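S.K.: let me see the structure of the following:
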Amino acid sequence: MKLLRSLLCIAIIFQSCKSEKENNAKSDAVESSKRPNIIYIMADDHAEQAISAYGHPISQLAPTPNIDRIAKDGALFKNNFCTNSICGPSRAVVLTGKFSHINGFKMNGNRFDGSQQTFPKLLQKAGYNTAVIGKWHLHGNPEGFDYWHILKDQGNYYNPDFISLNPTTKQADTTQIEGYATDIITEDGLAYLKRVKDSDKPFMLMLQHKAPHRNWMPALRHVNKYDSIKFPLPDTYFTAHEGSLGSKDQLQTIYKDMYEGHDLKMTKKKGSPELAWNPWTTDFERMTPEQRATWDKAYQPKNDAFHDANLSGKALAEWKGQRYLQDYLATIASVDEGVGKVLDYLEENGLAENTIVIYTTDQGFYLGEKGWFDKRYMYEESLAMPLLVKYQKAIKPGTVIEDLTQNLDFAETFLDYAEAEIPNDMQGKSLRPLLEKTHNQSEDFRNAVYYHYYDYPAFHMVKKHYGIRTKRYKLMHFYDDIDTWELYDLEEDPKEIHNQIDNPKYDDIEDKLRLQLAKLQEQYKVTDEEFKQAPKEQVERAYKQFEKLRGNTGTSYDPMTDTDKKL
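M.R.: A predicted model of the protein is given here:
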């Protein structure tokens, strides 16, 4: 009898263990079949050169360890590009998977047609909970989101205004929130994740920072972060733009066009916190007296040291480049901290394995290359968009992707992973085969990218232009009030200094590029409507307006003559 009871107990225990294993297996199967959550983190104007995972010398002095975690645990894209290098249009391309001339948002100041098809709307239909927090900059209220909390217009670094939907009135309410924009956006994103983490629905969060957009105001804890660092200025910092007519008339040169007070935080005289030329007073006036006192205390010693140095000429131009980099990179520090908080939250709450995390920006940015700040051009620094993606279930850690990709591909990628149908009228391609290494390596994912910039006359007065970039070559056409072509061999001339358009050795290559460009324009449905010319009077008026807005920023160093010239 004892033996029988023992055998019965063993059988019960065995059956119990078997049932538990079966239940666990079922649970694991359900978990593995769940569609992934998606967190899309987009900074504003964050250059590849300022992400240490990309290895640029500047970034090694100002590392981004948390952003780098995404590349370490996932994939780093080496040749990801935007279609139109400016804030609003890039965001519209991401939402729609369509070029600017198709989605209707060609330049800042346009109004995004929110009624059109976007990937958040399609994800909603597919059962996702969707949210956007932070910078929107498309005018009008977001559509296709279960929750949205967006910066008003461009947003301010300190005590910014946020717009959200009032659940009672169903109207958009604007509220000023005390604090630092990057921190507020991060904390709101974490609060959203806490609300949805136990939901049966997968979620898609677009967490979109203002930083490091102009005027590069670091968090108070970071205002002196890089004061002791001397960053390497690019060897093209002083250039005469020979052979590049499209580069000559721009207004985005650091030592000529930056506002000394607003942008560079320079003061009028030693011992005074009063800013030099500061035409846009709102950014500093929003600070509380306590915030401003802390800010002034941090900047006063280094501004006083500048006045004592009495710099001029080349030395002054280089000092401005250093101040710009110190502020720009210190502003990024809080973004990197925020990324770390999001990654830590996912890991601590069991969400890391089934969540795709993307880090990118709206376009590239100049950190002194060709003497510039800002973006807009089709040259590499503003064309290139950093892109880092991690997804533990499917992406091998340390993956590096060299294929030509664009922000045109983001919407299709999200829909692909969400197991939602990708509409035929989207113009990009899912990046999933590249991320999971299922793409046929013997075939090009894309053999060329198309680019088109429209915003002229406008800030910085960068001419309208379009072009094509292959793995090795780039062909651009600047048009409107000029008509000039540029051709670069990126293998021989990665800094794009030597325009080969008149070099007969490149005639065959030029012919092939022009034919390839025409085919892409046909494929993407580019029409004559995209090449309208602005009235001459409008262009002349804009130059005068922006010269006046720039004010007297001191002197401009002329690298050709090695002299200052009065503006």
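S.K.: quick check: the gap between the most centrally placed residue in the chain and Tyr54.
M.R.: With the centre of the chain defined as its mean C-alpha position, the nearest residue by C-alpha atoms, centre = their mean is Thr361, 1.5 Å away. Using C-beta to C-beta, to the nearest Å, Thr361 is found at 12 Å from Tyr54. (C-beta placed from N, C-alpha, C; glycine too.)
S.K.: find residues that contact each of the two.
M.R.: Pro386 (C-beta atoms under 8 Å, 6 or more residues apart in numbering).
S.K.: returning to that earlier point: quick one, phi/psi of the residue nearest to the centre of the chain?
M.R.: phi -150, psi 180 (degrees, to the nearest 10).
S.K.: what's the closest non-adjacent residue to Thr484?
M.R.: Excluding the flanking residues, the one nearest Thr484 by C-beta to C-beta, 6 or more residues apart in numbering is Leu245, at 4.5 Å.
S.K.: wait, the one you found sits on Met476?
M.R.: No - using C-beta atoms under 8 Å, Leu245 makes no contact with Met476, being 11.0 Å away.
S.K.: between those two, who's got more neighbours?
M.R.: Under the neighbour definition other C-beta atoms under 10 Å, Leu245 and Met476 were set side by side, and Met476 has more, 26 against 16.
S.K.: and the pLDDT at the more buried one?
M.R.: If you check Met476, the pLDDT there is 98.
S.K.: so Leu329 sits against Thr64, correct?
M.R.: No - contact criterion C-beta under 8 Å: Leu329 and Thr64 do not qualify, at 9.3 Å.
S.K.: buried sites along the lengthiest helix in the chain?
M.R.: Secondary structure of the chain per DSSP state H: the longest helix is helix 313-348. In terms of neighbour count (16 or more other C-beta atoms under 10 Å), helix 313-348 has its buried residues at 314, 316-340, 342-343, 345-346.
S.K.: what do you get for stretch 389-403?
M.R.: Val389, Lys390, Tyr391, Gln392, Ile395, Thr399, Ile401, Asp403.
S.K.: what about the nearest residue to the fourth one once chain neighbours are set aside, neighbour count?
M.R.: Spatial nearest neighbour of Gln392, chain neighbours left out: Glu353 (4.6 Å); criterion: C-beta to C-beta, 6+ apart. Using other C-beta under 10 Å, Glu353 is surrounded by 13 other residues.
S.K.: can you tell me how far Glu353 is from Met426?
M.R.: For Glu353 relative to Met426 (C-beta to C-beta), the value is 28 Å.
S.K.: equivalent analysis for His477, please.
M.R.: 26 Å.
S.K.: how about Gln116?
M.R.: Separation of Gln116 from Met426 (C-beta to C-beta) stands at 12 Å.
S.K.: list residues touching both of the two?
M.R.: Joint contacts of Gln116 and Met426 (C-beta under 8 Å, 6+ apart) are Thr96.
S.K.: for the two, indicate the residue with more neighbours.
M.R.: Each of Gln116 and Met426 has its neighbours counted (other C-beta under 10 Å); Met426 has more, 20 against 16.
S.K.: which residues are in contact with the nearest residue to that one once chain neighbours are set aside?
M.R.: Among residues not flanking Met426 along the chain, Gly97 sits closest, at 3.6 Å (C-beta to C-beta, 6+ apart). Neighbouring residues of Gly97 by C-beta under 8 Å, 6+ apart: Phe119, Leu408, Asp409, Phe410, Ala411, Glu412, Pro423, Met426, Gln427, Gly428.
S.K.: what about burial for the residues you listed, which qualify?
M.R.: Buried positions within those, assessed by neighbour count (16+ other C-beta under 10 Å), are Phe119, Leu408, Asp409, Phe410, Ala411, Glu412, Met426, Gln427, Gly428.
S.K.: hang on, isn't Pro218 packed against Asp227?
M.R.: No - here Pro218 lies out of contact with Asp227, judged by C-beta under 8 Å, at a distance of 11.0 Å.
S.K.: the two: who's more crowded?
M.R.: Neighbour count, other C-beta under 10 Å: between Pro218 and Asp227, Pro218 has more, with 26 against 15.
S.K.: how close does that one sit to Tyr157?
M.R.: 8 Å.
S.K.: please enumerate the shared neighbours of the two.
M.R.: Thr331.
S.K.: tally of neighbours for Ile501?
M.R.: Around Ile501 there are 17 residues (other C-beta under 10 Å).
S.K.: which ones are touching it?
M.R.: Contact partners of Ile501, counting by C-beta under 8 Å, 6+ apart, are Trp485, Glu486, Leu487, Glu510.
S.K.: check Pro232 too.
M.R.: Shown in contact with Pro232 (C-beta under 8 Å, 6+ apart): Pro57, Ile58.
S.K.: helix/strand/coil for Val400?
M.R.: What DSSP: H, G, I helix; E, B strand; the rest coil gives for Val400 is strand.
S.K.: any idea what it is bridged to?
M.R.: Leu76 (DSSP bridges).
S.K.: surely it touches Asn79?
M.R.: No - counting by C-beta under 8 Å, Val400 sits too far from Asn79 to count as a contact (10.5 Å).
S.K.: point out where the stretch 251-400 of the chain drops to low pLDDT.
M.R.: Residues of the stretch 251-400 of the chain meeting the criterion pLDDT under 70: none.
S.K.: in it, which spans are strands?
M.R.: With DSSP state E, counting those that start in this stretch as the criterion, the stretch 251-400 of the chain has strands at 355-361, 387-390, 399-401.
S.K.: coming back round to it: nearest to Glu537, of the contacts of Ile501?
M.R.: Within the contacts of Ile501, distances to Glu537 taken as C-beta to C-beta reach their minimum at Trp485, with 26.5 Å.
S.K.: what pairs with the closest one across the strands?
M.R.: Counting by DSSP bridges, the residues bridging with Trp485 are His477.
S.K.: was I right about it contacting Tyr479?
M.R.: No - using C-beta under 8 Å, Trp485 is not in contact with Tyr479; the gap is 9.6 Å.
S.K.: what about the helices in the stretch 1-150 of the chain?
M.R.: Taking DSSP state H, counting those that start in this stretch as the test, the helices found in the stretch 1-150 of the chain are 2-33, 57-61, 65-73, 87-96, 100-103, 119-125.
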